[in-house]
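> with the sequence up front, the predicted model follows.
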Amino acid sequence: MAISKLEAVNIILAAIGEDPVSSLSSGLGDAEIAESKLDAVKTDVLAKGWHCNTEDEVYLTPDSDSYIQLPSNTLRVDSSYTSAHIDVVQRGTRLYNLADRTYEFDDGIYCKIVYDLDWDELTHEMQRYIAAKAARIFQEEKMGSVALDGFTVRNEAEAKAALDDSEDESGDYNVLRDSPSVRLATRRNNRLYGIG
């Protein structure tokens, strides 16, 4: 069951002993700060790149000016295995070719993109972890209580463990297939590569 953004803000407020609010537009200063902290922590956590917010082999094409514009919610981008020979980075809202030192591309490129998703698009485990982490940070900044810190640290650790379990389960990770360096080594000089 998903956690609403309002519930997440109330989790953060509870970490400092504040009463819950009934709306995100309550006008309560602490609630507004809690929501702001939740948004910041969400972006920081998602920037790592998780199964739920990462897409590989996304084909991006140049526009009429030969620039490749990135989706507005891009947190991180890199060339995919298919286009690994092209070294790219995100600069502003465009893709930049480091080797040629240019924003201009003659052809499209396959990329791996990490997206900043809306709160409602996140998994329950991700929402729970972000709320717990934001609650710990908020409590440390607002109260600095050692006693409360013990509770928030434990809640964050439990939420992180649940998130890691969920990530491992849904990601179907395989050391031979999902590591670019291992994938390259296992396919190199393999007479069976490409058959099947």
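Everything's here; your move. Numbers count the residues shown, from 1 in each chain.
> how about Ile33, what does it touch?
By Cβ atoms under 8 Å, 6 or more residues apart in numbering, the contact list for Ile33 reads 138, 142. From N, CA and C alone the C-beta is placed, and that goes for glycine too.
> number of residues surrounding the nearest residue to Asn97 once chain neighbours are set aside?
On the basis of Cβ to Cβ, 6 or more residues apart in numbering, the spatially nearest residue to Asn97 that is not a chain neighbour turns out to be Val88, at 5.8 Å. Around Val88 sit 20 other residues, with neighbours defined as other Cβ atoms under 10 Å.
> now do Val88, the pLDDT please.
Val88 carries a pLDDT value of 95.
> kindly list the main-chain dihedrals of it?
Comment: the main-chain dihedrals of Val88 come out as phi -120, psi 160, following degrees, to the nearest 10.
> where do the helices of the chain begin and end?
For the chain, the helices defined by DSSP state H cover 5-14, 29-46, 124-142, 146-171, 175-178, 180-187.
> quick one on the thing from earlier: contacting residues around the residue nearest to Asn97?
77-79, 95-98, 109, 111.
> adding distance to Ala132 and pLDDT, write the residues you listed out as CSV.
As requested, the contacts of Val88 are arranged in CSV below (distance: Cβ to Cβ, whole Å; pLDDT from 0 to 100):
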residue, distance to Ala132, pLDDT
Val77, 28, 96
Asp78, 29, 94
Ser79, 34, 93
Leu95, 35, 97
Tyr96, 36, 96
Asn97, 40, 94
Leu98, 37, 93
Ile109, 37, 95
Cys111, 32, 96
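> please produce CSV containing these, extended by distance to Glu169.
Below are the contacts of Val88 laid out as CSV (distance: Cβ to Cβ, whole Å):
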residue, distance to Glu169
Val77, 26
Asp78, 25
Ser79, 28
Leu95, 33
Tyr96, 36
Asn97, 37
Leu98, 36
Ile109, 31
Cys111, 26
